[in-house]
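Student: would you be able to build a 3D model of this:
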Amino acid sequence: LRGGIPSTFGKREQTMLGISVRSNLLSGYIPSTIGNSTNLLILDLGDNGLVGEVPLSFKNLKKLEWFHIARTNISGSLEFFCGLNVSKARIIIADCEQPEVECSCCQPFCCHDRQPMAKCDIYLPSLSLVEES
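Tutor: Numbers count the residues shown, from 1 in each chain. As a prediction, this is how the structure comes out:
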């Protein structure tokens, strides 16, 4: 895929559970309309030429469990993840060598390998990874 994400994307996709467009040639901004896809569990935008800030409308993605924006030029706050009352662990993958995103409830875990694609920058919010019985 090449070019920008259409601004109409997400306007009617209320039932969509996942978006994965990792490692394409996408550019431009993330449309705020994606925040209308309130049932999203997975949003994988990493390894693209996307720029700008995380849309404020993403606070509506209360079910989101996997959010990948590493190796992009996305910046801004992920504080909306901290205020959510969730029972499942969330995985946030973002650049951690030069933190472009802010998240006070996230704990960085970075791993590096000699191969660029094997590098990972993972943030796990301070939530239990296992359900307590």
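Student: quick one, what contacts residue 40?
Tutor: Counting by C-beta atoms under 8 Å, 6 or more residues apart in numbering, residue 40 touches 16, 17, 18, 19, 34, 61, 63, 64. Using the backbone N, CA and C atoms, a C-beta is placed for each residue, glycine as well.
Student: for the last one, give me its contacts.
Tutor: Under the criterion of C-beta under 8 Å, 6+ apart, the contact list for residue 64 reads 40, 41, 42, 43, 58, 81, 90.
Student: equivalent analysis for the fourth one, please.
Tutor: Contacts of residue 19 were listed using C-beta under 8 Å, 6+ apart, and they are 34, 37, 40, 42, 43, 44, 45.
Student: can you give me the strands in the chain?
Tutor: Remark: strands assigned in the chain by DSSP state E are 2-3, 18-20, 25-29, 42-44, 49-53, 66-68, 73-77, 91-93, 101-102, 106-111, 120-125.
Student: would you single out the least confident of these?
Tutor: Of all the strands of the chain, the segment with the smallest mean pLDDT is strand 120-125, scoring a mean of 56.
Student: buried residues in stretch 73-80?
Tutor: 74, 75, 76, 77, 78, 80 (16 or more other C-beta atoms under 10 Å).
Student: which residues touch that stretch?
Tutor: 30, 45, 49-54, 56, 58-59, 67, 92, 94, 100-106, 123.
Student: now do 7 Å
Tutor: Residues outside stretch 73-80 that contact it (C-beta atoms under 7 Å, 6 or more residues apart in numbering) are 30, 50-54, 58-59, 92, 100-104, 106.
Student: ranking those by neighbours, who comes first?
Tutor: Neighbour counts for the contacts of stretch 73-80 (other C-beta atoms under 10 Å) peak at residue 30, which has 27 neighbours.
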